[in-house]
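Student: Can you look at this prediction? I've put the sequence above it.
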Amino acid sequence: MDIEIDSLAVLGAGSMGHGIAEVAAMAGYDVVLRDVEDDLVQDGYDQIEWSLNKLAEKGQLDADPDDVLGRVSTAVELEAAVADADLVIEAAPEDLDLKQTIFAEVDEAAPADAIIATNTSSLRIGDVATATDRPERCCGMHFFNPPVKMDLVEVVGGEATADDVVDAAYEFVESLDKTPIRVRKDVPQFVVNNVLTPYMGEAGFMLDEGTDDIRAVDAAMVFRRGYPMGPFELNDFGGLDVFAHTREQWDDPVPESISSRVEDGDLGRKAGAGFYEYEDGPGADYGPTQGDGVDTLRIEARMINEAARLVGQDVATPEDIDVGMRLGGGLPEGTCRTADKLGLDVALEKLRELHDATGAQRYEPADYLVERVESGHTGEAAGRGFYDYRDGGPYHYVSHELTDDGVLSVVFDREERLNAFSTDMFNEVQRLLETVDQDDVACVVFEGAGDRAFSAGADITGFTTADPTDLMHVDESIETVYEFPRPTIAKIDGFCLGAGLELTLACDIRLAAEGSTLGSPEVDLGLIPGGGGTQRLVRLVGEPRAKELVFRGMHISAEQAADWGILNRAVPDEEFEAAVDEVVSDLVDGPRTALEVAKQVINEGQNASLETALSLESQGFGLLTTTDDMLEGVAAFNDDREPEFSDD
């Protein structure tokens with residue numbers, strides 16, 4: 001039976017509660033925001049109003065902020081808040097007794113068919129649901145903080161939760177324009193926290209042993225391994241008390257370097273001091289030269305082990321783990337993908353070494369990890385690991401669809417990083433174009449996921465850890481786009497910078513919504529554009545403009561880019577989709593052989609003498625006079641009708 005959700009109540013008006021209420025109202029739901037005191041509710045309501053206005057100022061809200069706010073009402077009395085709710089989301093502090101009390105009260109007051117969800121990040125859903133007489137209608141929806149910005153939601157069912165309730169929760173999250181991952185078993189800390197906790201915890205144990213210092217570990221994980229934040233800095237950001245509490249409630253060991261700081265009140269940024277000094281010091285002040293000699297594998301092996309445990313226990317798939325770690329953990333790539341690159345056998349050897357030396361349970365290898373290694377499935381180099389690479393492997397960062405009429409739609413699907421290119425993402429673009437059946441393709445349309453960026457450039461955190469041979473593949477990938485025999489279109493909506501612009505320049509037709517921004521900011525990083533970004537640019541705009549764009553790291557509007565010849569045209573936002581569709585329609589209906597020859601002649605002729613280029617043109621023209629498409633074109637002209645070219 002399908003469960004319909006039209007209205008909801010959010011219990012708790014703190015940062016998580018008012019954030020969830022705001023997201024739901026933005027998606028068109030009527031929401032009641034409730035807390036135990038008028039002042040708390042009003043503070044939460046005011047925060048929603050402030051946030052909506054800010055989003056509107058930045059152009060990130062489609063609706064009128066007053067209309068969205070009008071969908072939010074407030075209450076203090078719980079009975080009134082939940083009386084008509086199809087869904088109740090509890091967003092109280094992470095305390096089992098408190099959550100059980102709230103669930104019991106909601107069970108008494110909410111409609112019998114209402115779903116009761118908890119936003120817990122670490123408690124078992126079944127434990128919270130025991131306070132109700134309807135555990136089959138209880139589930140978990142773990143939003144990440146802040147809900148307005150964070151795309152991920154972990155959807156969890158308890159042992160008694162009905163399947164249709166979990167399905168309804170999953171669909172509800174999708175309706176919020178968020179990305180849900182399904183946690184298949186009711187385990188504490190679900191997916192992201194289970195994999196991310198070793199990142200912070202193992203660094204603490206290393207500090208306890210006195211073998212490494214704080215700045216060295218953080219520098220190594222950021223500058224050598226490409227993580228966005230060092231483990232000690234991340235602990236400070238989230239709160240050392242939060243980390244300690246989630247470990248202690250499950251009787252898991254807490255590093256002394258963390259517990260001692262909690263006892264002293266040094267809880268991290270919010271307290272002014274933690275592992276770093278924030279109030280009386282510079283904060284996280286590590287640099288790229290400080291990470292030599294740190295055993296980064298020790299930290300990553302533990303993360304890989306936890307991921308393997310989750311897969312082996314059927315808690316989550318590798319795909320969902322990696323989506324979770326990217327969207328919820330902020331990592332540039334998922335832990336399962338990292339494991340396949342490092343080698344599962346390498347991680348297992350490190351775990352066994354640590355387990356033999358210490359006997360600590362946290363190093364005990366997961367059965368699934370052992371099974372994969374013993375089966376020879378040790379990662380990408382072996383053809384199989386967490387993923388199967390025998391046919392090239394899955395697409396993590398590029399989604400694609402080939403329509404019946406031959407339109408290959410390629411979406412750079414890394415919205416959480418403004419679709420910034422990693423080496424993996426470049427490789428996926430190249431692999432797709434090299435493996436697709438070109439006979440089935442009429443044209444290719446490249447675009448970015450979301451409405452903020454085509455691509456904001458290269459993911460520098462990933463490139464600092466890449467081998468030189470990996471960087472060579474970037475040029476190869478962009479050259480593959482340039483040389484693809486079918487017409488290619490760059491559909492630009494938002495930022496198109498750095499590597500995004502370089503790929504755009506390799507496309508045949510470049511269209512942008514008027515609010516878009518283009519530029520080559522590499523010089524600000526001590527680099528120059530790659531992937532043909534200097535050479536194609538100078539051929540389009542001339543030496544003076546190309547040098548100014550590159551030397552100054554300029555960002556220019558879509559209108560200016562069109563005026564300079566970088567774009568075919570800039571189109572008003574409301575006309576953008578129609579303009580792209582018109583171009584695509586013409587290419588789909590056009591003669592494929594003639595379009596291929598035209599592209600080849602134009603591309604090759606640019607770098608040839610005029611005499612040679614004219615010879616290429618003449619040869620192409622002569623070749624086409626022998627085709628069936630030419631005969632159809634002449635016949636259609638004589639009959640005064642539209643030609644019907646073949647797809648061959």
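Tutor: Great, that's in hand.

Student: Identify each buried residue in stretch 313-325, please.
Tutor: Residues of stretch 313-325 classed as buried: 315-325 (neighbour count, 16 or more other C-beta atoms under 10 Å). The C-beta positions use only the backbone N, C-alpha and C, and glycine is treated the same way.

Student: typo on my end, stretch 610-619
Tutor: So, applying 16+ other C-beta under 10 Å, buried residues of stretch 610-619: 613, 616-617.

Student: now swap in stretch 287-300 and tell me
Tutor: 290-291, 294-295, 297-300.

Student: Adding distance to residue 412 and pLDDT, write those out as JSON lines.
Tutor: Formatted as JSON lines, the buried residues of stretch 287-300 follow (distance: C-beta to C-beta, whole Å; pLDDT from 0 to 100):
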{"residue": "290", "distance to residue 412": "33", "pLDDT": "93"}
{"residue": "291", "distance to residue 412": "30", "pLDDT": "91"}
{"residue": "294", "distance to residue 412": "33", "pLDDT": "96"}
{"residue": "295", "distance to residue 412": "35", "pLDDT": "96"}
{"residue": "297", "distance to residue 412": "31", "pLDDT": "97"}
{"residue": "298", "distance to residue 412": "34", "pLDDT": "97"}
{"residue": "299", "distance to residue 412": "30", "pLDDT": "98"}
{"residue": "300", "distance to residue 412": "26", "pLDDT": "98"}
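
Student: Just the terminal-to-terminal distance for stretch 64-79.
Tutor: One end of stretch 64-79 to the other measures 30 Å (C-alpha to C-alpha, to the nearest Å).

Student: What mean pLDDT does it get?
Tutor: For stretch 64-79, mean pLDDT rounds to 96.

Student: again, but for stretch 20-28
Tutor: On average, stretch 20-28 scores 97.

Student: Name the surrounding residues that touch that stretch.
Tutor: 8, 10, 13, 31, 33, 44, 48, 51-52, 61, 63, 68-69, 71-72, 89, 91, 119, 143, 147-148, 175-178 (C-beta atoms under 8 Å, 6 or more residues apart in numbering).

Student: Quick check: ChimeraX command selecting the buried ones in the residues you listed.
Tutor: Applying 16+ other C-beta under 10 Å to these, the buried members can be selected in ChimeraX as follows:
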select :8,10,13,31,33,44,48,51,52,61,68,69,71,72,89,91,119,143,147,148,176,178
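
Student: so of the contacts of stretch 20-28, which ones are in strands?
Tutor: Per DSSP state E, strands hold the following members of the contacts of stretch 20-28: 8, 10, 31, 33, 72, 89, 143.

Student: Return the residues in contact with the third one.
Tutor: Put plainly, it is residue 31. Residues in contact with residue 31, defined by C-beta under 8 Å, 6+ apart, are 7-10, 21, 24-25, 71-73.

Student: Not counting its neighbours along the chain, what's nearest residue 475?
Tutor: Distance criterion C-beta to C-beta, 6 or more residues apart in numbering; nearest residue to residue 475, sequence neighbours excluded, is residue 531 at 5.5 Å.

Student: pLDDT wise, what is that neighbour at?
Tutor: 88.

Student: dump the residue contacts of it.
Tutor: 474-475, 477-479, 499, 502-503, 506.

Student: Give me the buried subset of those residues.
Tutor: For those, buried by 16+ other C-beta under 10 Å: 474, 477-478, 499, 502-503, 506.

Student: ok, the residue nearest to residue 77 when sequence neighbours are not counted - how many residues close by?
Tutor: With sequence-adjacent residues excluded and distances taken as C-beta to C-beta, 6+ apart, residue 77 is closest to residue 34, at 7.9 Å. Using other C-beta atoms under 10 Å, residue 34 has 26 neighbouring residues.

Student: swap in residue 636?
Tutor: Residue 636 has 14 nearby residues by other C-beta under 10 Å.

Student: Could you work out the most separated pair of the ones in strands among the contacts of stretch 20-28?
Tutor: 72 and 143 (16.4 Å; C-beta to C-beta).

Student: Quick check: residue 36 touching residue 75?
Tutor: No: in this structure, residue 36 is not within contact of residue 75 by C-beta atoms under 8 Å, at 10.6 Å.

Student: Compare neighbour counts for the two and give me the winner.
Tutor: More crowded of residue 36 and residue 75, by other C-beta under 10 Å: residue 75, with 18 against 14.

Student: Next, the nearest residue in space to the more buried one that is not next to it in sequence: secondary structure please.
Tutor: Setting aside the residues directly before and after it, residue 75 is nearest to residue 81 in space (C-beta to C-beta, 6+ apart), at 4.0 Å. Under DSSP: H, G, I helix; E, B strand; the rest coil, residue 81 falls in the helix class.

Student: any idea how far residue 81 lies from residue 113?
Tutor: As judged by C-beta to C-beta, to the nearest Å, residue 81 and residue 113 stand 17 Å apart.

Student: Can you pick out the residue with more neighbours from those two?
Tutor: Counted by other C-beta under 10 Å, residue 81 and residue 113 do not tie: residue 81 has more neighbours, with 24 against 11.

Student: quick one: residue 482 is in a helix?
Tutor: Yes: secondary structure assignment places residue 482 in a helix (three-state DSSP).

Student: And for it, the neighbour number?
Tutor: 18.

Student: and it, how far is that from residue 561?
Tutor: 19 Å.

Student: what do you get for residue 96?
Tutor: For residue 96 relative to residue 561 (C-beta to C-beta), the value is 56 Å.

Student: Which one of the buried ones among the contacts of residue 531 is nearest to residue 398?
Tutor: Nearest to residue 398 out of those is residue 477 (C-beta to C-beta; 10.8 Å).

Student: For that closest one, give me its contacts.
Tutor: By C-beta under 8 Å, 6+ apart, the neighbours of residue 477 are 426-427, 429-430, 531.

Student: So for the residue most central in space within the chain, what's the nearest residue that isn't a sequence neighbour?
Tutor: Against the mean C-alpha coordinate of the chain, by C-alpha atoms, centre = their mean, the closest residue is residue 416 at 3.7 Å. Spatially, and ignoring its direct neighbours in sequence, residue 416 is nearest to residue 327 (5.3 Å; C-beta to C-beta, 6+ apart).

Student: May I see the domains of this structure written out as residue ranges?
Tutor: Listed by automatic domain parsing, the domain ranges of the chain are 7-183, 192-294, 298-382, 398-583, 592-639.

Student: Give me the distance between the second one and the centre of its chain.
Tutor: Just to be clear, that refers to domain 192-294. When C-alpha coordinates are averaged (C-alpha atoms, centre = their mean, to the nearest Å), domain 192-294 and its chain have centres 24 Å apart.

Student: Now the nearest residue to residue 256 once chain neighbours are set aside: phi and psi?
Tutor: Distance criterion C-beta to C-beta, 6+ apart; nearest residue to residue 256, sequence neighbours excluded, is residue 208 at 5.1 Å. Here the main-chain torsion angles of residue 208 (degrees, to the nearest 10) amount to phi -60, psi -40.

Student: related to what we said a few turns ago, what is the nearest of the buried residues of stretch 287-300 to residue 421?
Tutor: When those are compared against residue 421 (criterion: C-beta to C-beta), the nearest one is residue 300, at 22.9 Å.
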